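**Q** Predicted coordinates and the sequence they were generated for:
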Amino acid sequence: MTTQSGHRQPNWVRLLPCTAALAALAVAALPTLLYPLTRDQGAYAYIANLMMKGGVPYRDALDLKPPAVYLAYGLAFALFGRSEFAIRLFDVLYALVSGASIYLLAHEVFQDRRISALSAWIYAFCYYLWIHFYAVANPESFMVPVLTTSVLGTVRALRAPSKNALFLTGVAGGFAFWFKPTAAVVVLAALAWMVIKMWQEQRRMSPVLRNFTFVILGGLLGLLPIGLYLYGHGLRELIELWRDYGTGAYLGARGLALGEGPLAVLDVIMGYVRHWQLLVWLSLAGMSGILMRHERYGGGGAVVVYLVSTLAATLAQGKLFEYHWIPVLAPAAILAAIALAGLASEVSGPSKNLLRTQLSAWRDTDMRTLFAAIVLVGLLLWTGYDQLARYRQMAAYLAGRMSEEQYYAQFDIGTDFSRMGTLRAAAYLREHTEPDETVLIWGAEPLVHFLAQRRSATKYIFSYMLVGDDGSPRLKARRQDFLDDVRKAEPAYVVLVERDITPLTPAGSLAQLDEFPAFKILLGTAYYRDAQVEDYLFYRRKARDRASFVTSDEESFICQG
């Protein structure tokens, strides 16, 4: 690159923007390496650790999530060791993989490396900076690369009809299914967009429809590896779990909306809009540019469809949890890059010389562009100011001016989650049990099992699967299965949890204990109160001559009653 006087820029000047961008990503990512794991992440970690020791998902530990997330956690453990830090480091690096897939899609659509690189950077930067600690490292974040690849395949097939491109769409879509079945919404929407575009361009449809066979074949191939593993390792149990529980109590549970009706949902959505306002407005501006200049951004419709379909998939789940929105970041980042590129083009004018003087740029820029630039800079400053507190805390913690307890207090979620409480509960179990002894936690705290490295006495690592409609024969069967597990394993400790309020346990797991009298009787006869660590109540198994485990016949009678 040369200046107006014809002199070539020094290499360090040309590398400066790239260096600054990478430095900004590093700064944004650094605090995430210190994030604690929370409830859902603890379940993934526990099950992945169990699988690495020969356990089987859905047979040895029940969770409603599809299995790909456990494999992702297992890969993190294999690469970096079995720790919380391993997950956080893997998640940081995986976001860069997601960014790379976004780069490829943006480049395929717009054929512009600057827009592509900016799209990838925006995704990674927003993911590190804005997604909270309890939402990262979830299935939705891990499926972004494969979901984006499926859209990439449809764009390539539209640009130059190709069986390989459609096969790629199918493979990526099939694999994404194992992260979250809602991936099918995005894949089907992208394929529908491709067919509509071909019809509008008056192409022959019969070859296109014949090539859809390759989408199906690719989808089967994407499903096959994990499907084959599950065939002998928990597939039947997963199907039964979704049939018995996932399609009933789980779907009926309320998410983040505090009331009924569209206004309650809108209130939650507007909370996300306020939090992500910079990205929201930029992506809306980019989408408007694509829709108004569709002859210039013909393939840009795929990105718009990607955005709309991810929004639809998020809303269809009904819970509105933050991690459900993560796939939306991918198309939003591309659209935001389009808006920023357009704004930069307006400010710099027709000249391609990037060292043009600021005075000349301002003279050639109209007031609308200046206003947009001022608003953008203001939003950037506002966003940066919101993040200053956590960077100050991180610096104080790393410098030794803040204790671990003080630092991690910022991650406490009301009375529901306490990082230090979880660590202390896990430490108590490690100190008072042997590695081969089992533990039962009545609640939703599999993270304690993982941190303590103590196996659960039952596959029911979430107690909310054992409460609900007492008249349900399936619930009675689950309860009997649970009691059989406990009687067989005779866990060294039963741990009750206070104030662990979730959408699935609105009154807390301790209050739900009264709904399961057979287990409550077993607890009272075979265990005694030993200690309390914050919200964790520890009940130790009585000595054999003092214990009085309820017999199987007595359990059946109590359950039926």
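**A** Great, that's in hand. Residues are numbered from 1 along each chain as shown.
**Q** how far away is the residue nearest to Thr458 when sequence neighbours are not counted from Arg479?
**A** Nearest residue to Thr458, sequence neighbours excluded (CB to CB, 6 or more residues apart in numbering): Asp485, at 3.7 Å. For every residue, glycine as well, the C-beta is placed using N, CA and C. In this view, Asp485 and Arg479 are 11 Å apart by CB to CB, to the nearest Å.
**Q** Next: Ser98.
**A** In terms of CB to CB, Ser98 sits 41 Å off from Arg479.
**Q** now do Leu451
**A** Separation of Leu451 from Arg479 (CB to CB) stands at 28 Å.
**Q** What mean pLDDT does stretch 524-541 get?
**A** For stretch 524-541, mean pLDDT is 95.
**Q** give me phi/psi at Arg541?
**A** Backbone torsions of Arg541, given as degrees, to the nearest 10, read phi -70, psi 140.
**Q** Would you mind measuring from it to Thr525?
**A** 11 Å.
**Q** now swap in Arg392 and tell me
**A** According to CB to CB, Arg392 stands 53 Å off from Thr525.
**Q** Compare those two (neighbour count), which wins?
**A** Thr525 (14 against 11; other CB atoms under 10 Å).
**Q** Which secondary structure element is home to that one?
**A** Assessed by DSSP states H and E, Thr525 sits inside helix 517-526.
**Q** Sort out which residues of that helix are buried, please.
**A** By 16 or more other CB atoms under 10 Å, the buried positions in helix 517-526 come out as 518-519, 522-523, 526.
**Q** List just the nearest of those to Leu320.
**A** Phe519 (32.4 Å; CB to CB).
**Q** Do I have it right that that closest one meets Gln480?
**A** No - taking contacts as CB atoms under 8 Å, Phe519 lies outside contact range of Gln480: 10.8 Å.
**Q** Identify the residues contacting Tyr44.
**A** 63, 65, 69-70, 72-73, 137 (CB atoms under 8 Å, 6 or more residues apart in numbering).
**Q** again, 6 Å this time
**A** By CB atoms under 6 Å, 6 or more residues apart in numbering, the residues touching Tyr44 are 69-70, 73.
**Q** between those, which is nearest Phe142?
**A** Val69 (6.1 Å).
**Q** residues in contact with the closest one?
**A** 44, 139.
**Q** Quick check: the gap between it and Arg236.
**A** 20 Å.
**Q** for Ser98, same thing?
**A** Applying CB to CB to Ser98 and Arg236 gives a distance of 33 Å.
**Q** ok, now Tyr35?
**A** 35 Å.
**Q** Same question for Gln387.
**A** From Gln387 to Arg236 the distance is 47 Å (CB to CB).
**Q** what's the answer for Asp484, then?
**A** 18 Å.
**Q** got it, and Leu129?
**A** 42 Å.
**Q** can you check Ala312 too?
**A** From Ala312 over to Arg236 (counting by CB to CB), the distance is 31 Å.
**Q** Okay, now the unreliable bits of the protein?
**A** Filtered on pLDDT under 70, the chain yields the residue ranges 1-14, 205, 246-254, 257-259, 294-298, 346-380, 415, 470-471, 544-561.
**Q** and with 50 instead?
**A** 4-5, 351-365, 546-547, 551-561 (pLDDT under 50).
**Q** what about the strands in it?
**A** For the chain, strands defined by DSSP state E occupy the ranges 439-442, 493-497, 527-533, 536-541.
**Q** for this structure, which residue is closest to the average position?
**A** With distances taken as CA atoms, centre = their mean, Asn138 lies nearest the centre of the chain, 2.8 Å away.
**Q** from what I can see that residue touches Glu322, true?
**A** No - applying CB atoms under 6 Å, one finds Asn138 not in contact with Glu322, separated by 8.9 Å.
**Q** before we move on, the earlier item: using PDB, list the CA coordinates for the helix holding Thr525.
**A** Extracted C-alpha coordinates of helix 517-526, given in PDB (Å, rounded to 0.1, in the frame of the first residue of the first chain):
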ATOM      1  CA  PRO A 517     -42.300 -39.600  50.600                       C
ATOM      2  CA  ALA A 518     -40.500 -42.900  49.900                       C
ATOM      3  CA  PHE A 519     -37.200 -41.100  49.500                       C
ATOM      4  CA  LYS A 520     -37.800 -38.900  52.500                       C
ATOM      5  CA  ILE A 521     -38.400 -42.000  54.600                       C
ATOM      6  CA  LEU A 522     -35.300 -43.600  53.300                       C
ATOM      7  CA  LEU A 523     -33.300 -40.500  54.100                       C
ATOM      8  CA  GLY A 524     -34.600 -40.400  57.700                       C
ATOM      9  CA  THR A 525     -34.000 -44.000  58.400                       C
ATOM     10  CA  ALA A 526     -30.600 -44.600  56.800                       C
END
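**Q** now the angle from it to strand 493-497?
**A** In terms of direction (axes from the mean of the first three to the mean of the last three CA atoms, to 10 degrees), helix 517-526 departs from strand 493-497 by 130 degrees.
**Q** What residue spans form the domains of this structure?
**A** Here the domain parsing of the chain from automatic domain parsing is 11-256, 419-560.
**Q** Between those, which one is closest to Glu404.
**A** Per CB to CB, nearest to Glu404 of the domains of the chain: domain 419-560, 7.5 Å.
**Q** Run the chain-centre distance for that closest one.
**A** Between the mean C-alpha point of domain 419-560 and the mean C-alpha point of its chain there is a distance of 28 Å (CA atoms, centre = their mean, to the nearest Å).
**Q** again with stretch 228-248
**A** 21 Å.
**Q** what's the neighbour count on Leu466?
**A** With other CB under 10 Å as criterion, Leu466 counts 22.
**Q** residues touching it, list them.
**A** 460, 478-479, 482, 516.
**Q** try 8 Å
**A** 460, 475, 478-479, 482, 516, 519 are the contacts of Leu466 under CB under 8 Å, 6+ apart.
**Q** Then Tyr407?
**A** Counting by CB under 8 Å, 6+ apart, Tyr407 touches 34, 393-394, 396-397.
**Q** now do Ala29
**A** 92, 95, 124, 128.
**Q** how far away is it from Phe125?
**A** From Ala29 to Phe125 the distance is 9 Å (CB to CB).
**Q** Pretty sure Asp91 sits against Val136.
**A** Yes - counting by CB under 8 Å, Asp91 touches Val136, with 5.5 Å between them.
**Q** Common neighbours of these two, please.
**A** Contacts common to Asp91 and Val136, judged by CB under 8 Å, 6+ apart, are Thr32.
**Q** Wait, Arg114 touches Ala341, no?
**A** Yes - contact status for Arg114 versus Ala341: in contact at 6.6 Å, counting by CB under 8 Å.
**Q** Mind checking which of the two has more residues around it?
**A** Between Arg114 and Ala341, Ala341 has the larger neighbour count (other CB under 10 Å), namely 18 against 14.
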